[in-house]
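J.: Turn this into a model:
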Amino acid sequence: MLSKANKSFKAIIFDLDGTAIPNTIEGTPSKRLVSAIAQVKDNLILCAATGRPPTYTKELFTKLCLTYPCVVSAGTKIISPVTNECLWQYPFEQDDVSKILKICSKYPYQIFINEPNIKESGILPPYPTINYPVNVVYIMKCTKKDAKSILTELNKIRSIASSEVRSWTKNHIDIHITHKKATKEYGIRKLLEILGLEKSEVAGVGDSDNDIHLFNAVGYKVAMGNGTDRLKALADITIDSVENDGLAKFIEAQLQN
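T.: Predicted coordinates:
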């Protein structure tokens with residue numbers, strides 16, 4: 001059931017794919033969302049928290065006119081959307097990268113590391129030795145059956161976190177893997193420290209199961225109408241879908257509170 005927010009906040013932190021834009025590689029924000037952000041930006045802190053790496057956020061952040069720091073790379077980095085400067089990051093332990101690649105090598109899927117060019121081919125097994133710092137590993141376009149098996153194996157590595165994410169490829173699953181202290185939850189906690197905000201002053205908006213981490217870091221939980229059933233069950237409210245400008249409407253409502 002869709003609800004209207006009757007609370008006001010100092011900040012709104014929102015996901016990108018499936019929340020601010022349609023869940024496609026070429027997704028772009030609607031005119032209504034851009035207008036809503038322009039109307040409130042002098043009175044409200046607006047930040048994104050996304051699984052996308054900086055390579056695939058720069059243009060979107062410009063279109064959205066975001067100026068406050070944003071969480072990217074599945075929670076492993078905080079960057080300035082204006083300068084692209086990295087303000088904080090949290091890499092894997094090197095041994096964990098080897099463990100992750102060993103699990104991945106059992107499956108025929110492309111992986112991307114750190115700053116991938118997703119429009120080109122990723123790394124296929126057998127995977128090379130990685131001897132440089134790694135923040136995030138993406139496993140792309142898994143079948144639902146294989147994703148379940150991969151996540152079960154990854155969950156045995158106690159120092160990492162792995163999240164199921166809706167793929168840009170229909171009926172498939174992507175997996176985002178980070179250090180357990182570098183999920184969206186931890187990235188947003190650090191972001192709130194940088195901004196000098198309390199958790200209770202912040203609303204978070206998302207659509208997918210990986211946004212459970214986002215929900216854990218904010219005081220008010222907002223699920224998109226196109227969100228997963230699991231996320232909706234945890235939300236304080238459910239708003240309209242991304243196709244019906246749910247995020248824009250939620251931001252606009254702040255003008256009336």
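
J.: What segments of this protein are helices?
T.: Secondary structure of the chain by DSSP state H: the helices cover 31-40, 58-64, 94-104, 144-154, 184-195, 212-217, 229-234, 246-253.

J.: Now render those as CSV, adding distance to Arg166 and mean neighbour count.
T.: Heads up, the C-betas are built off the backbone N, CA and C, glycines and all. Below are the helices of the chain laid out as CSV (distance: least, CB to CB, whole Å; neighbours: other CB atoms under 10 Å):
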stretch, distance to Arg166, mean neighbour count
helix 31-40, 19, 16
helix 58-64, 17, 17
helix 94-104, 20, 17
helix 144-154, 11, 16
helix 184-195, 15, 21
helix 212-217, 14, 22
helix 229-234, 11, 14
helix 246-253, 16, 22
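
J.: can I get the ones you listed in JSON lines with distance to Pro128 and mean pLDDT?
T.: Output for those, formatted as JSON lines (distance: least, CB to CB, whole Å; pLDDT from 0 to 100):
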{"stretch": "helix 31-40", "distance to Pro128": "41", "mean pLDDT": "96"}
{"stretch": "helix 58-64", "distance to Pro128": "27", "mean pLDDT": "96"}
{"stretch": "helix 94-104", "distance to Pro128": "9", "mean pLDDT": "94"}
{"stretch": "helix 144-154", "distance to Pro128": "20", "mean pLDDT": "96"}
{"stretch": "helix 184-195", "distance to Pro128": "28", "mean pLDDT": "98"}
{"stretch": "helix 212-217", "distance to Pro128": "29", "mean pLDDT": "97"}
{"stretch": "helix 229-234", "distance to Pro128": "36", "mean pLDDT": "97"}
{"stretch": "helix 246-253", "distance to Pro128": "40", "mean pLDDT": "96"}
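
J.: what about those, which gets the closest to Gly206?
T.: Closest of the helices of the chain to Gly206 is helix 212-217, at 5.0 Å (criterion: CB to CB).

J.: residue contacts, Val97?
T.: By CB atoms under 8 Å, 6 or more residues apart in numbering, the contact list for Val97 reads Ile130, Val134, Val137.

J.: what residue ranges in the chain score low on pLDDT?
T.: Counting by pLDDT under 70, the chain contains low-confidence ranges at 1-6, 116-121, 257.

J.: Spatially central residue for the protein, please.
T.: Thr50 (2.6 Å; CA atoms, centre = their mean).

J.: so Ser159 sits right up against His179, yeah?
T.: Yes: the pair Ser159 / His179 is scored as a contact, 6.7 Å apart, by CB atoms under 8 Å.

J.: So which of the two has more stuff around it?
T.: Neighbour tally, Ser159 and His179, criterion other CB atoms under 10 Å: the higher count belongs to His179, 20 against 12.

J.: mind putting the helices of the chain in CSV, distance to Leu46 included?
T.: Shown next, in CSV, are the helices of the chain (distance: least, CB to CB, whole Å):
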stretch, distance to Leu46
helix 31-40, 6
helix 58-64, 8
helix 94-104, 33
helix 144-154, 32
helix 184-195, 11
helix 212-217, 14
helix 229-234, 20
helix 246-253, 7
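
J.: To Thr24, which of those helices lies closest?
T.: When these are ranked by distance to Thr24, counting by CB to CB, first place goes to helix 58-64 at 12.3 Å.

J.: nearest residue to Thr55 other than its sequence neighbours?
T.: Using CB to CB, 6 or more residues apart in numbering and skipping the chain neighbours, the partner closest in space to Thr55 is Glu115 (5.3 Å).

J.: Cool, thanks, signing off.
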